[in-house]
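Trainee: structure, please.
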Amino acid sequence: MSKEDFDISELDEFTKELLELAEEKMPNETKKFLQAEGNKLKRLTAKKAKQLVKKKSGNYLKGIRRGKVYKYQGDQTSIRVYNNAPHAHLIEHGHRQVTEDGKEVGFVKGYRVFEKAAKEFEQEYISDCEQFVDDLLEKGLK
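Mentor: Numbers count the residues shown, from 1 in each chain. Below is the predicted model of the structure:
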């Protein structure tokens, strides 16, 4: 059989429906799962930050946090990883380099730590979601 014979879009829809069912029927398990995934992403982000940001950066590494589970746009359960350091956006996105008298002398490129960590974590998160759905189905059948 060739790859053209399989349509996996229906499986994706089925997985989404199962995750919605998990949120409705087993909210505690879903919350615990998302918190664990948030912790994994937080650790990966901190590891990436240590690799990418070589210069002294204040409390940038200490400021990496995992948020609470919340409803994103009213219906989707989510969790976020963020940095609460006041200068985190400068390290993440870059900034102008200015002298004391206001003269611009250059631009410091951003490291895009969170973007790179999210991209790296994506496949692991997908496989963890599939495993979570399998576990829910096993619990539901027992």
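
Trainee: use CA for all of it now, contacts and neighbours both
Mentor: Noted.

Trainee: list the buried ones in stretch 55-68?
Mentor: Using 16 or more other CA atoms under 10 Å as the test for burial, stretch 55-68 gives 60-61, 63-67.

Trainee: closest to Lys47 among those?
Mentor: In terms of CA to CA, no member of these lies closer to Lys47 than Leu61, at 9.2 Å.

Trainee: does the closest residue to that closest one other than its chain neighbours lie in a helix or a strand, and which?
Mentor: Among residues not flanking Leu61 along the chain, Ala46 sits closest, at 6.4 Å (CA to CA, 6 or more residues apart in numbering). Using DSSP states H and E, the element containing Ala46 is helix 27-52.

Trainee: show the average pLDDT along that helix.
Mentor: Here helix 27-52 scores 93 as its mean pLDDT.

Trainee: would you check how far apart the most centrally placed residue in the chain and Asp101 are?
Mentor: Centrality entry for the chain: nearest residue to the mean C-alpha point is Ala118, 5.0 Å, by CA atoms, centre = their mean. Distance from Ala118 to Asp101, counting by CA to CA, to the nearest Å: 38 Å.

Trainee: read off the pLDDT value for Asp12.
Mentor: Confidence score, pLDDT, at Asp12: 72.

Trainee: against Gln97, how distant is it?
Mentor: Taking CA to CA, one finds Asp12 at 46 Å from Gln97.

Trainee: lowest average confidence, helix or strand, in this protein?
Mentor: Here the helix or strand of the chain ranked lowest by mean pLDDT, DSSP states H and E is helix 9-25, holding a mean of 70.

Trainee: if we can go back for a sec, contacts only, for the nearest residue to the residue nearest to the centre of the chain once chain neighbours are set aside.
Mentor: In space, and not counting its chain neighbours, Ala118 is closest to Leu41: 7.3 Å by CA to CA, 6+ apart. The contact partners of Leu41, by CA atoms under 8 Å, 6 or more residues apart in numbering, come to 81, 117-118, 121.

Trainee: farthest-separated two in those?
Mentor: The two members of those with the most space between them (CA to CA) are Val81 and Phe121, at 12.2 Å.
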